[in-house]
Each structure stands twice: as structure tokens, then as C-alpha cells.
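Novice: Attaching a predicted model along with its sequence, questions to come.
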Amino acid sequence: MITLKSQRELDKMRRAGEVVAKVHQRLSELIQPGITTIELDRIAEEIIRSCGAIPSFKGFPCAYGGIDFPGSICTSINDQVIHGIPGNIVLKEGDIVSVDAGAILDGYHGDAARTFPVGKVSEEARALIYHTEEAFRRGMEKAVEGNRVVDISIAIQQYAESQGYSVVRDFVGHGIGTQMHEEPQIPNYKTQERGPRLSNGMTLAIEPMINMGTWQVKVLKDNWTVVTVDGKLSAHYENTIAVTPNGPEILTRLY
């Protein structure tokens, strides 16, 4: 069931979203060669809890029957698409790392992802990061009253493929609110289903996952980490947005 949020609920989601934005702002300052992903996770959790919020991801149940997610953020490096588990992995010059962060504040979720360069990266890696963010923006522009979910999906796919990339099919964006994952699903590619019509008060996590090679992915033995099957780079960009009479509003930002 799709829930339309009131102004009071949107205010709560803005506050949760701002916590997530603070995490990304701080981690963007710290990501450099030599830091470990577990250090990033520790700092992210400190920020979330210092704001009176709870990490959305920590303890999240595994869809494949494995352990609950142990981190407060997901850290996915190079060919890792999403759901990378923070650990003693040292980031190296030339890596790219996707950080997905979520926070629950006053019962409402904020969810956003960014892909960061680690030191000096290749031009093709930098271009992938840029075009993944742009694919998000092309999709978000279609998140207006009267459109359908498929309009978001088509905009993302057309832009990504026009730049020579592929879009992941196995994982999609989603509605969000008092639950991390709510209806509707938001594919990053055109499907036969047009999806529901967009209405004022809908809150969506739009999140293109864009690969340099094939769109096909697989889940590693840890039952969490998703990687490209051809080992090529992947980038991820996500914001929680609201559909409003004045157009889409990004909720995961600093106010």
C-alpha cells in the first residue's frame, strides 16, 4: 500500500534526511587512501546517534537467510554494486566507493547513497560517478504529479544507456516512510508495468545503480555484497525525495 505523507510527516522525513546528509558530508571529507571502511562506519554511526537517530541498516534482516546486516552504512568498492559490508578493507588510491546511509528519526527513515573517488581516479571512473548522479537527476525530474513510476524508470535508463552504461535490473528503488522499503518499487529501467500514478505526498528513494559493463550482477557468499559479474566498475546514487505540487523535493539534504 502506498502511503501519502502529510506536511507533519514530511517535516519528520526532512529531519531524518538531514541526518543522512550530515553523514555523507562528513564522510566525503574523510574518504582518502589509507582509511578503512570500518572507520567510516564507526564515524557514520556516531553522527547518526549524536543526532538522536538510529542507523536504519544495522541489524536489517538478510533476504538470503544470512546474518543481519552488521554495519551502519553499506560500503561498496569498485565492482561492488551495493550492500558491501564495512570491514578492515583499506581504501586505495584510484578506488571508487559507494556509501549508502540510512537513519530513523522519530519513526521515519531517510536513505541516500553517494559514490566517492578515493584520491586520484581514472577519467572513466570519474565519468561513471558523474553520469550516475546525472541519471538520478533525470529520473527525479519525472517525479511530478500525474506522471507514473515508469516515467522515472525510462528517464534513468535512457540517459545511462545513451552514455554507454547499463542499469542494474535485480535491485530497484522504493517507497519510503515509516518503513525503509514501502510501495511502490521504482525500477531504473522500463518494465511492462507502468506503475502507479505519482501523487502529492508520495515519498520515494530513487537510486540508479549504473555499471560500466553488463547490467548482470551476483551476490557473494556473505549473502549481502552484490558485484558485477564481469568485474567492471559500478556506481550508485540515491536520494529520498517527495512528490509535491511544486515539483520533486530532495529530503536527504542539509537544511
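Specialist: It's in.

Novice: hey, where'd the helices end up in the stretch 151-255 of the chain?
Specialist: In the stretch 151-255 of the chain, no helices are found when defined by DSSP state H, counting those that start in this stretch.

Novice: Secondary structure element holding the closest residue to Ile156 other than its chain neighbours?
Specialist: Spatially, and ignoring its direct neighbours in sequence, Ile156 is nearest to Gly139 (4.1 Å; Cβ to Cβ, 6 or more residues apart in numbering). Backbone N, C-alpha and C define where each C-beta goes, glycine included. Here Gly139, judged by DSSP states H and E, is contained in helix 123-140.

Novice: on that earlier part again, my read is that the residue nearest to Ile156 contacts Ile152, right?
Specialist: Yes. Contact between Gly139 and Ile152 holds when scored by Cβ atoms under 8 Å: they sit 4.5 Å apart.

Novice: and the nearest residue in space to Asp68 that is not next to it in sequence, how far is that from Gly201?
Specialist: Nearest residue to Asp68, sequence neighbours excluded (Cβ to Cβ, 6+ apart): Gly59, at 4.7 Å. From Gly59 over to Gly201 the distance is 29 Å, taken as Cβ to Cβ, to the nearest Å.

Novice: okay, these two: which has more neighbours?
Specialist: Gly201 (19 against 13; other Cβ atoms under 10 Å).

Novice: Tell me who's in contact with that one.
Specialist: Neighbouring residues of Gly201 by Cβ atoms under 8 Å, 6 or more residues apart in numbering: Leu4, Lys5, Ser6, Leu10, Ala242, Val243.

Novice: Look up how far Asn239 lies from it.
Specialist: Gly201 is 17 Å from Asn239, by Cβ to Cβ.

Novice: for Pro248, same thing?
Specialist: For Pro248 relative to Asn239 (Cβ to Cβ), the value is 9 Å.

Novice: where do the contact lists of those two overlap?
Specialist: In contact with both Pro248 and Asn239: Met140, using Cβ under 8 Å, 6+ apart.

Novice: More neighbours: the two, which one.
Specialist: Under the criterion of other Cβ under 10 Å, the comparison of Pro248 against Asn239 puts Asn239 first, with 27 against 23.

Novice: low-confidence ranges in the stretch 151-255 of the chain?
Specialist: Scanning the stretch 151-255 of the chain for pLDDT under 70 picks out no residues.
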